[in-house]
Structures are given as C-alpha cells and as structure tokens.
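*Asks:* After the sequence you'll find the predicted model.
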Amino acid sequence: MSKKNLAVIFGGRSSEHEVSCISVQTIIKAVNLDKYQLHLVGITEEGKWIKVKDIADIQDGSWKQSKDVAIISPDTKGELLVGKENSDGTYCYDENIKIDVIFPVLHGMFGEDGTIQGLFEMAGIPYVGCGVFASAASMDKFYTKLVVDTLGIRQAIYVGVIASELKNMDSVVARVESTLSYPVFIKPSKAGSSKGVSKADNREMLIAGLLEAAKHDYKILVEETIVGRELECAVIGYDKTTKASGIGEILAAAEFYDFDAKYNNAESKTVIDPELPEGKAEEIRECAVKIFNALDGFGLSRVDFFLEKDTGSVVFNEINTLPGFTSISMYPMLWKAKGYTIESLVEELIEMAVERP
C-alpha cells in the first residue's frame, strides 16, 4: 500500500511562532512513517512559506534561511507547490505534490483563527482540527463569550473595548469602572498564549493594560477577576462522538498564568487529575463538551475553567482549538493519563481529518 502524503505546517506569523516550532517536533516524532510520507512546511514570522528538510533544521532554526519554498495551492487539485527562491526574490515552482491530509501545528493568529483553514477548504484537502467557523469564533474571546452566554454556563463578567475607542480613554475607563471592580484582567480578544494579557489593580494600571493589549489586537476584553483554581479539560472528536479527558490543574509560578509563567518559568507546574469537590470534575467535562460542540468544534480543543474559591462554582475561561504539543502542554498529558500515547493521539486526529463529514 502506497503512503499517504501528509503535510505538517508549523511556525506562522503569530506571537506563538516559537511555541509552534516546539509543538511540531512532538508531532513529527509521533507520525507513523510507515503510513505517511511527511512533507514539512514552515511559515516564517514574516509569512514566507518554506519547504523544510527534516526536524534537525527546526531544532536549530536553520530552516528559516532556506531558499526551498513550498505553498499550498488554493485550487482544488489539492497540491503542494515546491520550488526555489530566485536571486531576485521571485519563486520558481518545479514540483507539484498531491497532498492527502494536512496537520496544521499553528497556534494563534493566521493559524488557529480560521484563516489557513479557509485555504485548506478551498484546496479541498482534509486537515486536522476545527473548521473555519469554530476556529474563528473560538480564537475571538469576545465572540466565544457570546456563544457560551447561550449555554447557561457561568463565565467572567466582561466589557468589550475597540482599540480606536482608546482615543477617548476617559470614556472607556468610566465604562469599565461602572461595570467591574478592581482588580480586572485585560486581554486582547484574539491573542494567544497570554500575550498582551495583564492585571490591573487601579485606573493607572488599567490604562497601561489597555494600551498594551491594543498592540496585539484591535478588540480587547476587560474581565472581572475570578479567584480560584485554574483547571483544564481536553476534548477530542466531533458532534455526538466528542469525548472529554480528565481534568488538569495549573499551578502558576507567577501571579497569573501569562506567557512567561507558562513557557519560561520552571516553577509553573501542572497536576493531572487533581482532587476536586464531588461532582466538579464531571461538571467541567460536561461543560467542555457542550462548549466545544456549540462552537461546532472538530478534532481537538482544550477548554479552560476556574473553580471559584469562595463559591465552588465552575467558571468558563476560554477554549483553545489547537492546543500546544510541547513537553509541558496539558492536552497530550491529559490524554496520556487516559491511555493515549502521543502516537495514537496523533494517528486518531489524522484519521478523523480524513473521515471528516
């Protein structure tokens, strides 16, 4: 039986570029090479698509200097166009590879937000993970909240802000302060890995946080602070086949689980299947499946919650439709606790993509 051509795309133009370059190494090592012919495509932070030779080039970062280029053609032939960059910066394509399935290992903007999924749809190539709508709606925290509002699942009270409104900062501050009490969290609506997220204890910090968030997105959320345990649940499947993992708990080294606490601070820890009050683990699992399905999720997601300290209430935080696959990532660890090896997890996701309704 001939091998299927599997394109694995990584990198990307988002603030999570480097995280993607780590995640993809886990995926590559887990792919069944007896079944799939691997084609690695890296997207630089500037948006250049490069044909990558092997994992060693990703590990040392040398792939970014390569003159070998590869792009997914948007026509319905479903091909990867491979070629060279000429000395004048133009491209010459000399090989067309029919791609059977794509595994996009892309986090954040231009990878997890429905944009590249739209390209795959145009090309008619099956791909791992959520579709255009689910990716776009889940990436946008504001619109995720609008969907979850219909489910009767509690989430943090919030105020939405458009970056252009910051020209009249006094009006924005007054709107926030009339709805929420300090401390508050400020989040770019579509940034990932906690980039641009800050906590404000007063008006001065709120203004600084709004200006910082505006560097990452034109839509900003200001949310009430939920004091409690940070819990996460992985889901896999789609529609009635969707199933949830056990629960994982984040023990952040910093005051909150920002980008540095997540990826650069060795004191941050994760606990799989932590002790929880009776019934709370099942409530979180049920909420995770409801939210994933309401957003028309497909393949995989990680759904994050708080367990509020004073009330014991489950509070939805956010959903991540292409969670990390690094050595410290919760998604593969949660499924490992349920008997999935990383190899079986990757294989199931690829098979699900090919069978996508």
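*Replies:* Yep, it's here. Residues are numbered from 1 along each chain as shown.
*Asks:* I figured Val222 hits Ala156, correct?
*Replies:* No: contact criterion Cβ atoms under 8 Å: Val222 and Ala156 do not qualify, at 9.9 Å. No exception for glycine: its C-beta is placed from N, CA and C like everyone else's.
*Asks:* and those two? which has more neighbours close in?
*Replies:* Val222 (26 against 20; other Cβ atoms under 10 Å).
*Asks:* can you pull the contacts of the residue positioned nearest the centre of the chain?
*Replies:* For the chain, the residue nearest the mean C-alpha position is Leu322 (3.8 Å; Cα atoms, centre = their mean). Listed by Cβ atoms under 8 Å, 6 or more residues apart in numbering, the contact set of Leu322 reads 104-107, 111-112, 129-130, 135, 300.
*Asks:* With adjacent residues omitted, what lies nearest to it?
*Replies:* In this structure, Leu322 finds its nearest non-sequential neighbour in Glu112, 4.5 Å apart by Cβ to Cβ, 6 or more residues apart in numbering.
*Asks:* Where does the prediction get shaky in the chain?
*Replies:* By pLDDT under 70, the low-scoring segments of the chain are 191-194, 253-268.
*Asks:* Quick check: the residue nearest to the centre of the chain vs Asp239, distance?
*Replies:* Per Cβ to Cβ, to the nearest Å, Leu322 is found 19 Å from Asp239.
*Asks:* Strands of the stretch 51-200 of the chain, residue ranges please.
*Replies:* 68-72, 79-85, 91-98, 101-105, 158-162, 184-188, 198-200 (DSSP state E, counting those that start in this stretch).
*Asks:* Ile272: which of the ones you listed is closest?
*Replies:* Closest approach to Ile272 among the strands of the stretch 51-200 of the chain (Cβ to Cβ): strand 101-105, 22.6 Å.
*Asks:* So Leu206, which state does it fall into?
*Replies:* helix (DSSP: H, G, I helix; E, B strand; the rest coil).
*Asks:* Can you give me the domain boundaries for the chain?
*Replies:* Listed domain ranges for the chain are 4-127, 138-154+227-354, 158-224 (source: automatic domain parsing).
*Asks:* Okay, now the second one: how far is its last residue from its first?
*Replies:* The separation between the terminal residues of domain 138-154+227-354, taken as Cα to Cα, to the nearest Å, is 22 Å.
*Asks:* Test my guess that Pro11 contacts Gly42.
*Replies:* One correction, residue 11 is Gly, not Pro. Yes: look at Gly11 against Gly42 with Cβ under 8 Å: they come within range, at 4.4 Å.
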